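> Task: produce atomic coordinates for the following.
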Amino acid sequence: MLATVLRGKLAEQQSIFIMRTFREMRHYIRQNQQFVTRNEMDLLTAKVGTITERQDRMENKVDSIQKDANILADNFITDKDKKNFVIYKGQKLEADIAYIEIYQQAKKSIYVVDDYMNAKSLQHLSQKADGVEVVLFTENGKGGKGFLTKSLVTDFQNEYPSLQIKPNPDCHDRLIVLDYGEETELVYHCGASSKDAGKKLCAINQIIETAIIHPVIDRLLLLTDKQI
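Below is the predicted model:
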């Protein structure tokens, strides 16, 4: 059993030792059959069978541990990764790709609730399917620099006319709502603003009970459009 866990030179030595021990045991039994009773032989056979079963179970456990270790290694977040990845669907994924993949799921509409958006946010949204309307609910950094500007919004609207912007007085957290009110509706909670995607490690989690956010979205939709 030890040999199934150990690796390298030590594992080879242990395997050789185990094989030699079993060979010597069989040789001893053959040489001393007259001293070994039938009951003792049956007991020994049962004991060997038990050891074999335990070894098989141990090998299965080691295989399972190895698979888990491989998954962990594939998804291990290094200091470098923290600046490039988000946690999405339980795995690390390049931040820009994660947002684009989410937006491309929309068939009719994309609602983004986020007080801090900029050109990068619009670049992600530009990858949406044709004909999908976009509504942004934002305080736009409370008028600070480095956020959405009138020229950015105008350029986007010229290419994707379905963009609409409304204020966001009610919601602190960032949400992405796809196909609101449709059978294909999906809702995601985002740990960081899309404009900061990849700067720091964050998670994007799907909200299964989407109806919980409907009262908030319904109130926001009633607000007058916001001028940037």
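> Spell out the residue ranges of the helices in the protein.
Using DSSP state H, the helices of the chain run over 2-5, 8-31, 38-74, 95-103, 119-125, 150-159, 214-221.
> Going by mean pLDDT, which of those helices comes out lowest?
Across these, helix 2-5 has the smallest mean pLDDT, namely a mean of 46.
> residues contacting residue 213?
175, 177, 187, 207 (C-beta atoms under 8 Å, 6 or more residues apart in numbering). Quick note: C-beta positions are derived from backbone N, CA and C, even for glycine.
> Show me just the buried residues among those.
Buried subset of these (neighbour count, 16 or more other C-beta atoms under 10 Å): 175, 177, 187.
> Residue 170 is in contact with residue 218, isn't it?
No: using C-beta atoms under 8 Å, residue 170 is not in contact with residue 218, being 10.5 Å away.
> Could you tell me which residues touch both of the two?
By C-beta under 8 Å, 6+ apart, residue 170 and residue 218 have no common neighbours.
> what's the burial count for residue 180?
For residue 180, the neighbour count with other C-beta atoms under 10 Å is 21.
> which residues touch it?
109, 111, 217.
> which one of those residues is nearest residue 226?
Nearest to residue 226 among the contacts of residue 180, counting by C-beta to C-beta, is residue 111 at 13.9 Å.
> per the record, what domains does the protein have?
2-74, 81-221 (automatic domain parsing).
> tell me the most buried of those domains?
Burial of these is given as mean neighbour count (mean count of other C-beta atoms under 10 Å); domain 81-221 ranks first at a mean of 17.
> what distance separates it from the centre of its chain?
Here the centre of domain 81-221 is set off from its chain's centre by 19 Å, with C-alpha atoms, centre = their mean, to the nearest Å.
> And stretch 185-205, end to end?
15 Å (C-alpha to C-alpha, to the nearest Å).
> Show me what the mean pLDDT comes to for it.
Computed over stretch 185-205, the mean pLDDT rounds to 89.
> ok, residues contacting it?
77, 81-88, 94-96, 98-99, 102, 105, 112, 114-118, 120-121, 124, 147, 173-179, 206-207, 210, 213.
> now, which of those residues lie within strands?
85-88, 94, 112, 174-178, 206-207 (DSSP state E).
> got JSON lines for those, with distance to residue 132 too?
Below are these laid out as JSON lines (distance: C-beta to C-beta, whole Å):
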{"residue": "85", "distance to residue 132": "26"}
{"residue": "86", "distance to residue 132": "22"}
{"residue": "87", "distance to residue 132": "25"}
{"residue": "88", "distance to residue 132": "20"}
{"residue": "94", "distance to residue 132": "22"}
{"residue": "112", "distance to residue 132": "12"}
{"residue": "174", "distance to residue 132": "19"}
{"residue": "175", "distance to residue 132": "17"}
{"residue": "176", "distance to residue 132": "13"}
{"residue": "177", "distance to residue 132": "12"}
{"residue": "178", "distance to residue 132": "9"}
{"residue": "206", "distance to residue 132": "19"}
{"residue": "207", "distance to residue 132": "20"}
